[in-house]
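> got a structure for you, letters missing:
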Ligand SMILES: [Mn+2]
């Protein structure tokens, strides 16, 4: 199935940036306090000039009105971390398949910038293609149809017009479906190599950085093209069977992977 290559946005890093971090797939949720704590510590301590969050920061996001003026709910605490971090460095947010309803309400509140998917970052005269990655998993036909539906303005307008509690019920149902599918052990489609190559060639970028698949790796796509995959942050996972809480850090020396959990061990 031929896929149209999406229009690629471009972001040129200001010359003052020395270090840029990429993270994704934190899936922040009130039921996973260890992940929230690790993320908060990371955001407070990173020496980067900019943090790019490449989707699925939140396990679920039903609308920006989930943030309340009380400041005590889980969403409020997440917004506070974003806002505090954006006070000392640049924070960019790209939608994932869980938090595609993050809107201008949250980004304005937290002083973060919303990034189109995909976006090319131009840093030190090199081009880096950034994406969440779900749109590249074209083998998952059911998900691609769902994605097209929920990314439409019409669907989003209808959904956001529902009362907040009703949206929360719908989101819980979708999350339960997703958990049930995980329990079956069914394989998820991975990024389609031909599509990834087409995106890279269209963007004139040698390297794609993405998340979504929770399969951290570096794949050689031939002809000098590379696909680098971020890890998830499922710190409470049992068994703990994959690298987690990775940061990809870009500087003049290139791109390197930092294992936050490893570096925190004594
Ligand atoms: Mn995802």
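Noted; the coordinates are in hand. None of the values given here were measured: they were computed from a predicted structure. Numbering: from 1, shown residues only.
> which residues of this protein fall in helices?
Counting by DSSP state H, the chain has these helices, from start to end: 33-45, 74-86, 104-110, 141-150, 153-160, 164-183, 193-203, 260-264.
> rebuild the ones you listed as JSON lines, extending it with mean neighbour count and mean pLDDT.
(Each C-beta comes from the backbone N, C-alpha and C, glycine too.) Listed next are the helices of the chain as JSON lines, based on neighbours: other C-beta atoms under 10 Å; pLDDT from 0 to 100:
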{"stretch": "helix 33-45", "mean neighbour count": "16", "mean pLDDT": "97"}
{"stretch": "helix 74-86", "mean neighbour count": "18", "mean pLDDT": "97"}
{"stretch": "helix 104-110", "mean neighbour count": "16", "mean pLDDT": "96"}
{"stretch": "helix 141-150", "mean neighbour count": "13", "mean pLDDT": "93"}
{"stretch": "helix 153-160", "mean neighbour count": "12", "mean pLDDT": "96"}
{"stretch": "helix 164-183", "mean neighbour count": "12", "mean pLDDT": "92"}
{"stretch": "helix 193-203", "mean neighbour count": "18", "mean pLDDT": "97"}
{"stretch": "helix 260-264", "mean neighbour count": "13", "mean pLDDT": "68"}
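> could you redo those as CSV and give each row distance to the ion?
Formatted as CSV, the helices of the chain follow (distance: least, C-beta to the ion, whole Å):
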stretch, distance to the ion
helix 33-45, 15
helix 74-86, 17
helix 104-110, 18
helix 141-150, 10
helix 153-160, 18
helix 164-183, 10
helix 193-203, 16
helix 260-264, 20
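> dump the ones you listed to a markdown table, plus distance to residue 232.
Shown next, in a markdown table, are the helices of the chain (distance: least, C-beta to C-beta, whole Å):
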| stretch | distance to residue 232 |
| --- | --- |
| helix 33-45 | 9 |
| helix 74-86 | 17 |
| helix 104-110 | 21 |
| helix 141-150 | 17 |
| helix 153-160 | 25 |
| helix 164-183 | 13 |
| helix 193-203 | 19 |
| helix 260-264 | 12 |
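> and of those helices, who's closest to residue 4?
Proximity to residue 4 (C-beta to C-beta) singles out helix 193-203 among the helices of the chain, at 9.5 Å.
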